[in-house]
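Undergrad: 3D model of this:
(2 chains)
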Amino acid sequence: MRIVIIDDSGLRATVLEEGLREAGYDDIHIVPPRGGFVARLERMAPDVVLMDLGSPSRDTLEEMLSVSRALARPIAMFVDQSDESMIGAAIDAGVSAYVVDGLRKERVKPVLELAVRRFNAFAKIQSELDEARTQLSDRKIIDRAKSILMSQRGLNEPDAYALLRSSAMNQGKKIVDVAQALITASDLLGGGL
Amino acid sequence: MTTALRIAFLPLTDAAVLAVAREKGFAEEEGLALDLVRTVSWATLRDRLIFGQVQAAHMLAPLAVAVTLGLSQQAAPLSAPYKLNVNGNMLVMASEFAQALDPDVIARLDDPLGTAHDFAAAIGLWKRKPVIGVVHRFSSHAIMLRYWLASAGVDPDRDVMLRVVPPSLTVEAMRAGEIDGFIAGEPWGSAAVDAGLAEAVAVGERIWRRGVEKVLAFRTPWLEENPDSVDRLIRALVRAAAWCDDAANHEALSHLLSNPRYVDQPADVILRALSGRIVARGDMAPLHMPDFMLFSREATPFPWRSQALWIYSQLVRWKMVEHNAENAARAGSVFRPDIFRRALAESDVPLPGASMKLEGAVGSPLAVGSKRGELTLGPDRFFDGRVFDPERIEDFLASF
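TA: You can find the predicted model right below:
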C-alpha cells in the first residue's frame, strides 16, 4: 500500500512516517503542499493520501482528485459512515484521508487510526513547546517589572517580587498581567525603563 | 438561557456580519453565544459542517448547492436561509498580462464586455495558456469568471487553465509565478495590487450587479430540528448586517476584521472593499464603487430561490451536473426564504412578498411588493444583458 503524506510541517510528517513504518508500512512518501505538488502526487499513484485538515491546500488536492485523468483509479475522501466517533476523532486531530477506489475499509482504518494518534501526539508536543515559550517570555516581563520597582521604589529584588505577587493576589490576577500593566503604565508615564 | 452555536468561517472580508454579530453584542441580545471557528480551506469548512463539528458555516453559495447535489467529496442536504453578502470579488492579473488590455483602467472596468474580448485576444499573445487562480471549483468567483470569459467566446475549460488556489495563498502564488492572475474575495485582490504583483481587470459587481456570494449554511436536518436557534441567529445577523453597511462603522469594522482571529490582514486594505474605494492599480487613486460589497441594504440577506437556480443553471452549463427536474428542485430548495420570513415575522424588517424573481431584470432601483414597509431592489443586471427566468431554465441554457 503506497501512502503519501502531504504536510507542511516536516516534524509532524516525520512523526507520522515513523509510526507507519513501525506498524509495517514501508511505501511512504512525504510531499509538502507547495508549487506543483499535485503533479508530483499524480505521478506517485498513491493508494492512500493523508493530509493535515488545517492545510489551505486541501481544496487544491480535491480539485485534482475530481479532474485528474492521470490517476488510473479515482481517489475519494475516506469516511467510515458506520463509525461516527472515528469521524469526530479524525477531525479533532486534524487528519483527512483520501483512498483509491476499491481499497477495503478494514485496510484503511488502521492507517487512519494511527495517523490520528500520531497527529494528537504531535499536537501535544507542540503545545508543550508553546507553553515553554510562553513561560520564558512571562519571565522576561516579570523581570522588567521587577527592575522598574527596584529603581522607582528603591526595593531589593525579593521585595519587588513580593510586591508584584501580593498585588496580583489582591486583584485576583496573574503575576505576569500585573507586571505587564506596570510596564505599560511606566511607559506611559515616561518611566524610561 | 444562552445557546452556544459554533460557526465555521474563512478569513475573508465577507465574514464581517458573523464577526460583528459576535463582537458587537447582536448575538448576545438574542441569547446566543457564538463560537466562530477560523478555517483555512473550503473542504475543511464543509467537513466541519457536515460532520457536526459546527452548526453553521460561512459558505460559498455554489458550494452549498454542490454539496446538496452530491458533487463535492461528501454529500449532505444543506439549507441556506440567509445570504451573508452580495458582490465583493475582483479579477486581478499580472501587469504584464494586463498590458494587452485597455490601458485606461477605469474604462476597462466600466466595460466588462469589451474587456472580455480584449482578454480573449490577450490569451493568444501570452507566453503560455494563462493560468488563473480560482478559490474553488464551486465558488461564486469561478462561476462568474466562466460566465465572463465565455461571453467573448473563451472556453474556460480549454483556452485558459483554471487552477484552484486557496485565498490565503493567492498572493504567494502570484509572486512565485505559478499563476498569471486570480479571482478571489477581498481582501486578496487588493493585497495583490498592494504587493505590486497585479492590477484589476474586472470587478464582480460590474459582471453581475448583485452577485450572490456567501451564504449561511446549515445541515437541513439540524435546521429543521432547531427552529428557535436558527431564527434567533437570523435576527442577530440582520441587525449586524445593517451595522456593517453603515458607512460610519466601516473604519471600526476594518480594524475588527484585521485581528488575527479574523482576516489577519492590514485594516487599510480590508477597508477598501467595505467603503467601496478600490485601488485598481498601485499607482492610481482609489475608484469609488459604492456597491462593491453589500451586507444589508435592498434585502441583500434574502435568499431568493431564483438565485440558487441561477447557480444551478451555471453548473449545468459547465457540465458539472446533469439537468433534470429532480436536480433542479433539489438545487432550488437549498435557499430557504421561508425560514428567513419566519425568523423576521415579528420584526419591522421589510420582507419581499415573492420567493423567486427574474434575475438580471432590474436596471435602476425598483420599489417592489413587500409584506410591510418600503423595499427597494437595487439594479441586478448581468453585464451581457441576459435575464434569467427561473421558470424557464431550459430556454436560458439554450441561449448560450
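Undergrad: drop to CA atoms for contacts and neighbour counts, all remaining ones
TA: Will do.
Undergrad: Distance from the chain centre to stretch B:69-81, please.
TA: Distance, stretch centre to chain centre, for stretch B:69-81: 17 Å (C-alpha atoms, centre = their mean, to the nearest Å).
Undergrad: before we move on, what about stretch B:290-308?
TA: 10 Å.
Undergrad: phi, psi of A:Tyr25?
TA: phi -90, psi 130 (degrees, to the nearest 10).
Undergrad: give the contact list for it.
TA: A:Tyr25 makes contacts with A:Met1, as judged by C-alpha atoms under 8 Å, 6 or more residues apart in numbering or on different chains.
Undergrad: just A:Val4 next, same as before
TA: A:Ile28, A:His29, A:Ile30, A:Val31, A:Leu41, A:Pro46, A:Val48, A:Val49, A:Leu50.
Undergrad: can you narrow the residues you listed to ones near chain B?
TA: Counting by C-alpha under 8 Å from any C-alpha of the partner chain, the subset of the contacts of A:Val4 that neighbours chain B is empty.
Undergrad: Name the residues of chain A found near chain B, please.
TA: A:35, A:53-60, A:62-63, A:76-77, A:87-88, A:91.
Undergrad: Tell me which residue of the stretch 301-400 of chain B lies closest to chain A.
TA: B:Met320 (10.7 Å; C-alpha to the nearest C-alpha).
Undergrad: Can you get me a residue count around that residue?
TA: 14 (other C-alpha atoms under 10 Å in any protein chain shown).
Undergrad: Check the secondary structure at the nearest residue to it once chain neighbours are set aside for me.
TA: Using C-alpha to C-alpha, 6 or more residues apart in numbering or on different chains and skipping the chain neighbours, the partner closest in space to B:Met320 is B:Leu71 (7.7 Å). Here B:Leu71 is recorded as coil under DSSP: H, G, I helix; E, B strand; the rest coil.
Undergrad: ok, residue 84 - how many residues close by?
TA: No chain was given, so I picked chain A. If we define neighbours as other C-alpha under 10 Å, then A:Glu84 has 11 of them.
Undergrad: let's do chain B instead
TA: Residues near B:Leu84, counting by other C-alpha under 10 Å: 31.
Undergrad: ok, now how distant is it from chain A?
TA: 22 Å (C-alpha to the nearest C-alpha, to the nearest Å).
Undergrad: So for stretch B:263-273, what gets flagged as buried?
TA: Residues of stretch B:263-273 classed as buried: B:Val263, B:Gln265, B:Ala267, B:Val269, B:Ile270, B:Leu271, B:Arg272, B:Ala273 (neighbour count, 16 or more other C-alpha atoms under 10 Å in any protein chain shown).
Undergrad: and chain B, which residues reach chain A?
TA: B:39-44, B:48, B:51, B:53, B:73-74, B:135-137, B:163-166, B:168-169, B:173, B:178.
Undergrad: So in terms of bridging, what pairs with B:Glu199?
TA: B:Glu199 forms beta bridges with B:Met93, as assigned by DSSP bridges.
Undergrad: how about the residue lying closest to B:Leu10 once chain neighbours are set aside, what does it touch?
TA: In this structure, B:Leu10 finds its nearest non-sequential neighbour in B:Thr39, 5.2 Å apart by C-alpha to C-alpha, 6+ apart. For B:Thr39, the contact set (C-alpha under 8 Å, 6+ apart) comprises A:Gly54, B:Ala8, B:Phe9, B:Leu10, B:Pro11, B:Leu45.
Undergrad: now the closest residue to the fifth one other than its chain neighbours: how far from chain A?
TA: Counting by C-alpha to C-alpha, 6+ apart, B:Pro11 lies nearest to B:Val263, which is 4.3 Å off, once chain neighbours are set aside. Noted for B:Val263: a distance of 14 Å to chain A, by C-alpha to the nearest C-alpha.
Undergrad: which SSE is B:Val263 in?
TA: Using DSSP states H and E, B:Val263 maps to neither a helix nor a strand.
Undergrad: tell me the phi and psi of it?
TA: Torsion angles, degrees, to the nearest 10, at B:Val263: phi -90, psi -30.
Undergrad: Now do the same contact list for it.
TA: Counted by C-alpha under 8 Å, 6+ apart, B:Val263 has contacts B:Pro11, B:Leu12, B:Thr13, B:Leu257.
Undergrad: what about 6 Å?
TA: Taking C-alpha atoms under 6 Å, 6 or more residues apart in numbering or on different chains, we find B:Val263 in contact with B:Pro11, B:Leu12, B:Leu257.
Undergrad: Which stretches in chain A count as helices?
TA: For chain A, the helices defined by DSSP state H cover A:10-22, A:37-44, A:58-67, A:84-93, A:105-153, A:157-171, A:175-188.
Undergrad: Tell me which of the ones you listed sits most buried.
TA: Highest mean neighbour count among those (mean count of other C-alpha atoms under 10 Å in any protein chain shown): helix A:58-67, with a mean of 20.
Undergrad: what angle sits between it and helix A:37-44?
TA: 40 degrees (axes from the mean of the first three to the mean of the last three C-alpha atoms, to 10 degrees).
Undergrad: Identify the residues contacting helix A:58-67?
TA: Here helix A:58-67 has contacts from B:Ala43, B:Val164, using C-alpha under 6 Å, 6+ apart.
Undergrad: how about 10 Å then?
TA: A:6, A:33, A:37-39, A:41-42, A:49, A:51-52, A:57, A:68, A:70-71, A:74-77, A:96, A:98, B:40-44, B:71-73, B:134-138, B:163-166 (C-alpha atoms under 10 Å, 6 or more residues apart in numbering or on different chains).
Undergrad: Buried by neighbour count, from the residues you listed: which ones?
TA: When those are checked against 16+ other C-alpha under 10 Å, the ones flagged as buried are A:6, A:33, A:38, A:41-42, A:49, A:51-52, A:57, A:68, A:71, A:74-77, A:96, A:98, B:40-44, B:72-73, B:134-138, B:163-166.
Undergrad: Tell me which residue lies nearest the centroid of chain A.
TA: A:Ala123 (5.0 Å; C-alpha atoms, centre = their mean).
Undergrad: For residue 126, give me the pLDDT.
TA: I'll assume chain A. With respect to pLDDT, A:Gln126 has a value of 83.
Undergrad: meant chain B actually
TA: 93.
Undergrad: Number of residues surrounding it?
TA: By other C-alpha under 10 Å, neighbour count at B:Trp126 equals 13.
Undergrad: Touching, it and B:Ala94? I think so.
TA: No. Contact criterion C-alpha atoms under 10 Å: B:Trp126 and B:Ala94 do not qualify, at 11.3 Å.
Undergrad: Between these two, which contacts overlap?
TA: Joint contacts of B:Trp126 and B:Ala94 (C-alpha under 10 Å, 6+ apart) are B:Asp180.
Undergrad: List the residues that contact whichever residue of chain A sits closest to chain B.
TA: Going by C-alpha to the nearest C-alpha, chain B is nearest to A:Pro56 of chain A, at 4.7 Å. Residues in contact with A:Pro56 (C-alpha under 10 Å, 6+ apart) are A:Pro33, B:Thr39, B:Val40, B:Ser41, B:Trp42, B:Ala43, B:Thr44, B:Val165, B:Pro166, B:Pro167, B:Ser168, B:Leu169.
Undergrad: how does it look with 8 Å?
TA: B:Val40, B:Ser41, B:Pro166, B:Ser168, B:Leu169.
Undergrad: Looking at the buried ones among the contacts of helix A:58-67, which are in strands?
TA: A:Ile6, A:Val49, A:Met51, A:Asp52, A:Ile75, A:Ala76, A:Met77, A:Ser96, A:Tyr98, B:Val134, B:Arg163, B:Val164 (DSSP state E).
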